[in-house]
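**Student:** Provided below are the primary sequence and the corresponding predicted coordinates.
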Amino acid sequence: MREGLAARKAELRAIARVARDGCDPGLGADLVRHVIAAGVVPAGALVAGYWPMGSELDVRPLLHALHARGHRLCLPVTPPRGEVLRFRAWAPGVALERGRGGTQHPAGAAEAVPDALLVPLLAFDRAGRRLGYGGGYYDRTLAALPAALALGIAFAAQEVAEVPAGPEDVRLPLVATEGGLVHCVLDE
């Protein structure tokens, strides 16, 4: 059964990458309007973003807007496989260094524990299931931070009918796309 789940996830990853690659990363500016207007990020929350890679929706305009509204920010540091993400304080203009898997994180900044996380993904469904890159980093991290708000970040084109998921896959209550917020139904 586990091999079947892994194969279905691998197949969906390939399809989702093609869908994402056909989108304009610059549409990340639209996230600002939707996320700020909905007020989903609690006032004063320390927000974990991420530095976009490849064709990911560019979350940096949202990070800048949150910073301008007084939110403290942090970015993930990718640890060895099997561990939870760690986070370092970040603000616009702070230097970044290259991390594992092509990621970037603040150089030498203090560690931080976020109250809210912006979660990159390859695919999502209306039940809050998400498909990431396969390392399980965000699933482990979200499980370790159950009180933190988890907000998926994706293009609307990355929505699928159903994401294959196992018991260790953590669901998201919300996904922000360039088209608006998707409120997921977690009780399915």
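**Tutor:** Thanks, I have it. Quick caveat, the model's predicted, so the values are computed rather than measured. Numbers count the residues shown, from 1 in each chain.

**Student:** what's the offset of stretch 6-13 from the middle of its chain?
**Tutor:** Remark: stretch 6-13 is offset 19 Å from the chain centroid, using Cα atoms, centre = their mean, to the nearest Å.

**Student:** now stretch 145-161
**Tutor:** Going by Cα atoms, centre = their mean, where stretch 145-161 is centred and where its chain is centred differ by 6 Å.

**Student:** and it, end to end?
**Tutor:** In stretch 145-161, first residue to last residue: 27 Å (Cα to Cα, to the nearest Å).

**Student:** and what of stretch 104-120?
**Tutor:** Separation of the first and last residues of stretch 104-120 by Cα to Cα is 14 Å.

**Student:** what distance do you get for residue 30 to residue 24?
**Tutor:** Note on residue 30: its distance to residue 24, by Cβ to Cβ, to the nearest Å, is 10 Å. (C-beta placed from N, C-alpha, C; glycine too.)

**Student:** who has more neighbours, the two?
**Tutor:** With neighbours defined as other Cβ atoms under 10 Å, residue 30 and residue 24 compare such that residue 30 has more, 18 against 11.

**Student:** helices or strands up against the helix ranked longest in the chain?
**Tutor:** Longest helix in the chain, counting residues (DSSP state H): helix 2-21. Counting contacts by 3 or more Cβ pairs under 8 Å, 6 or more residues apart in numbering; DSSP states H and E, helix 2-21 packs against strand 123-124, strand 130-131.

**Student:** apply 7 Å and report the result again.
**Tutor:** strand 130-131 (3 or more Cβ pairs under 7 Å, 6 or more residues apart in numbering; DSSP states H and E).

**Student:** just how off-centre is the strand it packs on within its chain?
**Tutor:** Using Cα atoms, centre = their mean, the offset of strand 130-131 from its chain centre is 10 Å.
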